[in-house]
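1. here is my input; please provide its structure:
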Amino acid sequence: MGDTKPRIAVVLSGCGVFDGAEIHESVLTLLAIARHGADYECFAPDIPQHHVLDHITGAEMPETRNVLVESARIARGKIRNLRDFNLTEFDALIFPGGFGAAKNLSSFAFDGADCSVDPDVAHAVRSAHAAGKPIGALCIAPVILAKLLGRVDLTIGQCAETSGAIEKMGAHHKTTTHGEIVVDTAQRLVTSPCYMLDARIDQIADGADNTVKALLDMVGHARLAAE
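-> Numbers count the residues shown, from 1 in each chain. Next up, the predicted model:
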């Protein structure tokens, strides 16, 4: 892959499965990137969370939090505002899952196929796609790609309701199980279901690892073609 390590931008959506980024998926994605010999940088939009949930009871809490500030918990403070994302600095883009992808990065949790996507998220995805740089998404995050890119192949696992909304947005859903990925070679997308299934943490690690490896394979092929 050349003399320099590939660099992947990781977009987070808060901290915690029910109102932000899924922590296991996020950390295991970072681990997979490092173990496959690449570097990463974390980003998140500087916006309010849709709401804050008690992760023990599931009840809504009477407080407000910021997506960038909460995401910094996962990134150990090393994170940038997604508005400052510069495509030329990166070879690929990836979105861990968690309800934050469907509540903060988009409104899919509330509006389904009629959802909107945060403008900074939309810019990052569309610019990467237009440049032919591969994009990965785990768990529920592929709905963002379906909304923005339309006719693409992807997976969220086996949920009929969510896959139906994906099809309504123009994408093609493929049913998958633990650790499996769907690679859309033409559109340069890689997706995996992760916690959209009833999964163990080792199965999440498999999904994240397989997704990252496929992204880096695409990056390597692109680099070879450019030489």
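2. for Q203, which non-adjacent residue is spatially closest?
-> Nearest residue to Q203, sequence neighbours excluded (C-beta to C-beta, 6 or more residues apart in numbering): H178, at 4.2 Å. (Each C-beta comes from the backbone N, C-alpha and C, glycine too.)
3. secondary structure element holding that neighbour?
-> Applying DSSP states H and E as the criterion places H178 outside every helix and strand.
4. show me what contacts it?
-> P193, L197, A199, Q203, D206, G207 (C-beta atoms under 8 Å, 6 or more residues apart in numbering).
5. list phi and psi for the residue most central in space within the chain.
-> With distances taken as C-alpha atoms, centre = their mean, the chain has F95 as the residue nearest its mean C-alpha position (1.4 Å). F95 adopts backbone torsions of phi -120, psi 110, taken as degrees, to the nearest 10.
6. so who does the residue nearest to it when sequence neighbours are not counted touch?
-> Once flanking residues are discounted, F95 sits nearest to A141: 3.9 Å by C-beta to C-beta, 6+ apart. Counting by C-beta under 8 Å, 6+ apart, A141 touches F95, P96, G97, A101, L105, T191.
7. ok, back up a step: wait, what's in contact with the residue nearest to the centre of the chain?
-> Contacts of F95 by C-beta under 8 Å, 6+ apart are V10, V11, S13, A101, L105, I135, G136, A137, L138, A141, I144.
8. separation between it and T162?
-> As judged by C-beta to C-beta, to the nearest Å, F95 and T162 stand 15 Å apart.
9. got the buried residues for the worst-scoring helix or strand of the chain on mean pLDDT?
-> Lowest by mean pLDDT, DSSP states H and E among the helices and strands of the chain is helix 201-226, with a mean of 90. For helix 201-226, the neighbour count (16 or more other C-beta atoms under 10 Å) marks 203-216, 218-219, 222 as buried.
10. same check, this time on stretch 125-141
-> V125, A128, H129, K133, P134, I135, G136, A137, L138, C139, I140, A141.
11. just the ones of those residues in strands?
-> I135, G136, A137, L138 (DSSP state E).
12. quick check, pLDDT for the nearest residue to the third one once chain neighbours are set aside.
-> Leaving out its chain neighbours, the residue that sits closest to A137 by C-beta to C-beta, 6+ apart is F95, at 4.5 Å. Residue-level confidence at F95 comes out at 98, pLDDT.
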